[in-house]
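*Asks:* Build the 3D model from these lines:
(one chain, ligands or ions: 2)
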Amino acid sequence: MIVFEQVIKKYNNQDKAAVDNLDLHIQKGEICMLVGPSGCGKTTTMKMINKLIKATSGKIYIDGMDIDQVDPINLRLDIGYVIQDTGLFPHMTIADNIATVPKEKGWSRNKIRNRVDELLELMDLDPEIYRDKKPKDLSGGQKQRVGVARALAADPPVMLMDEPFGALDPITRGKLQDEFLRIQEKIGKTIVFVTHDIDEALKMGDKIVVMRDGRVVQFGSPNEILSNP
Ligand code: ADP
Ligand code: ADP
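*Replies:* Ligands and ions are numbered 1, 2, ... in the order given. Here you go, the predicted structure:
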């Protein structure tokens, strides 16, 4: 579903490549965890998928399509994106936040309203209570649920999640991880998930990519990673 072929990313001001000749195949419907210490190239790898960062060389394909051929704005409408601090628009209601991409896509008001309520329910947030609240009225865990709902709104085939639960306390974090795995059972998205926490990677991942210095040092299922430390 997502293929990297010999992808290199070198930032202007650096001698060393941040991502160094990466070959990667991510299967449809699986959660692929990118794990490794700070600075190893996880976020750079992820941001090349939605063209927030342009690869220096190499090719990236999504569903067989060379992303060089796709307009970045259109690409991002089909790739859900969740980041650590949620990036919710503070002045907008929860419903309007979730509706961002569906509005861009020109969905009818009715369809958007139904979808917002459906997603709030999926995230265990009562629509009657939360629809018209602002992000500041929600707890960290609730905001992060809304962040996930917003990314899912237009049902994108691919989701990028960059330390989505990293800012939460351990209990809330564990709860959201469990919830998200339950949701993924239903939705079956292709997910690239960045974390520096190996336990999170082992818990959440179908596949795990261990990175160091811009390279893949280990790749496999959690069981394969555990049996080859
Ligand atoms: P990670 O997500 O694993 O922490 P990053 O992908 O953010 O790693 O960074 C990989 C390397 O690239 C690091 O050495 C980082 O300092 C460097 N880097 C990241 N973004 C930039 C940038 N915009 N300009 C220059 N160097 C960068
Ligand atoms: P994280 O590791 O949580 O992804 P970073 O601190 O690596 O966060 O990066 C935060 C932002 O700063 C990113 O947009 C990244 O591209 C940029 N960045 C990271 N390292 C550098 C760097 N050495 N020079 C310039 N920008 C950087």
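*Asks:* C-alpha only now, for contacts and for neighbours.
*Replies:* Noted.
*Asks:* Report the contact partners of residue 117.
*Replies:* Contact analysis of residue 117 by Cα atoms under 8 Å, 6 or more residues apart in numbering lists 127, 131.
*Asks:* Keeping just the C-alphas, turn the helix or strand hosting it into PDB.
*Replies:* Per DSSP states H and E: residue 117 is located in helix 109-122. C-alpha atoms of helix 109-122 as PDB (Å, rounded to 0.1, in the frame of the first residue of the first chain):
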ATOM      1  CA  ARG A 109     -24.400  19.800   5.800                       C
ATOM      2  CA  ASN A 110     -26.500  16.800   6.600                       C
ATOM      3  CA  LYS A 111     -23.900  14.200   5.700                       C
ATOM      4  CA  ILE A 112     -21.300  16.200   7.700                       C
ATOM      5  CA  ARG A 113     -23.500  16.400  10.700                       C
ATOM      6  CA  ASN A 114     -24.300  12.700  10.700                       C
ATOM      7  CA  ARG A 115     -20.600  11.800  10.200                       C
ATOM      8  CA  VAL A 116     -19.500  14.100  13.100                       C
ATOM      9  CA  ASP A 117     -22.000  12.500  15.400                       C
ATOM     10  CA  GLU A 118     -21.000   9.000  14.300                       C
ATOM     11  CA  LEU A 119     -17.300   9.700  14.900                       C
ATOM     12  CA  LEU A 120     -18.000  11.300  18.300                       C
ATOM     13  CA  GLU A 121     -19.900   8.100  19.300                       C
ATOM     14  CA  LEU A 122     -17.100   6.000  18.000                       C
END
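*Asks:* ok now it, how far from the chain's centre?
*Replies:* For helix 109-122, the separation from the chain centroid amounts to 21 Å (computed by Cα atoms, centre = their mean, to the nearest Å).
*Asks:* same deal with stretch 171-185?
*Replies:* 14 Å.
*Asks:* Which residues does it contact?
*Replies:* Outside stretch 171-185, the residues within contact range by Cα under 8 Å, 6+ apart are 122, 141, 145, 165, 166, 204.
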